[in-house]
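Visitor: mind looking at a prediction? Sequence and model below.
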Amino acid sequence: MLNPTALKCLHHRRRQLAQQIDQPVLLWSGVSVARNFAANCFPFRASSHFLYFAGLPLQNAVIGLEAGQLTLFWDEPSPEVALWHGPAWSRSALAAQIGAEAHAPLSAVPHWAKQVASLPASTQACRQQQSEWLGRTVLENRSCEPASESARSDLQLAQAMVQLRLQQDDFAQDQLQQAAQITVAAHLQGMKTTLSCPSEAALRAEIESVMMAHQCPTAYASIVTVHGEILHNDVYPHPLEPGDLLLVDAGAETPLGWAADVTRTWPVSGCFSSTQRDLYDIVLAAHDACIAQIAPGLEYRDLHLLAAQIIAAGLVDVGILKGCPDELVERDAYALFFPHGIGHLLGLDVHDMEDLGDLAGYALGRQRCDRMGLRYLRLDRPLQSHMLVTIEPGFYQIPALLNQPNLREQYRDCVNWERLAHFRDVRGIRIEDDVLVTPEGGQVLTSALPTQAAAVEACVQASKS
C-alpha cells in the first residue's frame, strides 16, 4: 500500500519528467524468469525505471507517461491463477493504488501513441515484446551519437531519468532509511552470532534471516567470506577459523525496491591481531576522512583521491609502501592494494542506474580514465544535495594483482615485499557506509553499525556474556 506521501512524490516525479521530455514515454516492468521450467521462476524484480514512476512492483505491466499523467497497462489474471496464487487486485484497483489517471489492457499499448521514448526492458521476453509493439529496437548503446530520431528520444529519456533519480525525494529517503535500518540489524546479528557459527554459510543464514523477517530480499548476492581479497565473492564453502578476518558485504532491499549496501570486516575470534588492527585502522581513517568531507559541490573523484592519499600514507607508516605518499598516489601504487573506486550511487539499484552505462555515474562530457587507480571509478561527478552514495575504502592482497610480473617490475621501488609478508593474515578489509548528501554535509544512514575496531570487537564478543 502506498501512503499519501508516496503518492504525492510519484505525481511530482511524473510532472518533473514531463518538464524534461515532451514525448510520450512507455516503460516495461518485466516478467519472472524461469529457473529451469516455466512454472518454477526466480523471484520477480520489477525494472527500477518502472518502479520510480509506478511505485509498486507490478509484474508484466507497462506504464505510459504523457504530460505528467500515467496510464497503467495490465491484464488481470485468469480465474485459474487464483487457485495457485490467491485472489488478485483488479486493474482499476491497482490503477487507483498508484495514482494512475487511466488504465487499459496490455493489448492497447501499441495503439497508445505513435512516437514514444522508452528504455530497454529488463528481460529478454519483454525486450522482444517491446520491439514488436514499438516497431523498432530501443536504444541500448548510449556511448555513440544516436542515428535516428527515435534513438535520440530514447537517449533524451535516459538523460532525463538520470537527472531525476540522482536526488532522492522524501518517499525515496524514507525507503532508503528503512533499508539501512534493516541492514544494520542484519549485520549486528551476524556479529553477535559469529562465535557460534561454524561456517561462512551459517553466518550468511543468520544475516539474511533478519532481512527475510522484514520481508526484504537481499539487494545483491551477499558477500560473507574469509577470503576478502575476492572482491565480489558470492560462494560460502569455508569454515570460520580463529585468526580469520571475515568480510561481510550485505544489504537489504525494501519490498518496494530500495537498496542498502553495507560492508564491515571483523575478526572471527572477536579480537583483531596487531597486523589486522594496523591495516583496519588505515582503512577506517580513509573512510572517516571521506565522510567528513562530503558536501554539495564536492567532486566525488576528489574523495577517492583523498582515500588513496590516506591509504598510501598509512601503508608507508607500516612499512608496506616506500616513498612519498603524494607520489605514490600519482603513480597509482596504492591501487595495488585498493584497486576499486571509493563508492557509487545508491537508490533503487544497489549501483544506481548502472543499466544506463556511465550516463548516471559520469558527468556530461566525462569519460572513464585508463589510469590504474581511476579506471574502476563508478562515480565521477560533483555531489548534489539529496544524492545517496556509498563510501567504501579497502585494503586487499589480491594474487591476480600482486603476482603480475609487469606490476611487480613497475612498482619494484615502491613495495617492501618482505614487510608485506608480515601481514599475511589480512586478505581483505572493507568498511562501507551509505551516506546522504545534505546541505550541511553527509548524513550516514548506517551510522548505528559500529566501525571503530574496539566497538566491532565488543559486538562480536557480546555473545560470550
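Guide: The structure has been received and is ready for your questions. Remember, predicted model here, so these are calculated numbers, not experimental data.

Visitor: contacts only, for residue 133.
Guide: When contacts are counted by CB atoms under 8 Å, 6 or more residues apart in numbering, residue 133 touches 109, 110. No exception for glycine: its C-beta is placed from N, CA and C like everyone else's.

Visitor: can you name the helix or strand that it falls in?
Guide: helix 124-134 (DSSP states H and E).

Visitor: only alpha carbons, please: show that helix as CSV.
Guide: The C-alpha coordinates for helix 124-134 follow below in CSV (Å, rounded to 0.1, in the frame of the first residue of the first chain):
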residue,chain,number,x,y,z
GLN,A,124,14.6,-10.8,-22.9
ALA,A,125,10.9,-11.6,-23.3
CYS,A,126,9.9,-8.0,-22.6
ARG,A,127,12.5,-6.7,-24.9
GLN,A,128,11.1,-8.8,-27.7
GLN,A,129,7.6,-7.6,-26.9
GLN,A,130,8.9,-4.0,-26.7
SER,A,131,10.5,-4.2,-30.2
GLU,A,132,7.4,-5.7,-31.7
TRP,A,133,5.0,-3.2,-30.3
LEU,A,134,7.2,-0.2,-30.9
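
Visitor: state the mean pLDDT of it.
Guide: For helix 124-134, mean pLDDT rounds to 92.

Visitor: quick check: buried residues in that helix?
Guide: 126, 127, 129, 130, 133, 134 (16 or more other CB atoms under 10 Å).

Visitor: where's the second one relative to residue 137, distance?
Guide: In this case it means residue 127. Distance, residue 127 to residue 137, by CB to CB, to the nearest Å: 8 Å.

Visitor: can you read off the pLDDT for the closest residue to residue 394 other than its chain neighbours?
Guide: Using CB to CB, 6 or more residues apart in numbering and skipping the chain neighbours, the partner closest in space to residue 394 is residue 430 (3.8 Å). Per-residue pLDDT puts residue 430 at 98.

Visitor: and residue 430, how many residues sit next to it?
Guide: Using other CB atoms under 10 Å, residue 430 has 22 neighbouring residues.

Visitor: shouldn't it be in contact with residue 265?
Guide: Yes - between residue 430 and residue 265 a contact is recorded at 6.1 Å, counting by CB atoms under 8 Å.

Visitor: need the overlap of contacts for those two.
Guide: 228, 247, 283.

Visitor: same list, the buried residues of helix 124-134, but as CSV with distance to residue 254 please.
Guide: Putting these into CSV (distance: CB to CB, whole Å) gives the following:
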residue, distance to residue 254
126, 23
127, 26
129, 28
130, 27
133, 31
134, 31
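
Visitor: just the closest of the residues you listed to residue 57, please.
Guide: Nearest to residue 57 among the buried residues of helix 124-134, counting by CB to CB, is residue 126 at 14.2 Å.

Visitor: residues contacting that closest one?
Guide: 28, 30, 31.

Visitor: of the residues you listed, closest to residue 210?
Guide: Looking across the contacts of residue 126 and measuring by CB to CB, the closest to residue 210 is residue 30, at 27.2 Å.

Visitor: for the closest one, which non-adjacent residue is closest in space?
Guide: Of all residues not flanking residue 30 in the chain, residue 122 sits nearest, at 4.3 Å (CB to CB, 6+ apart).
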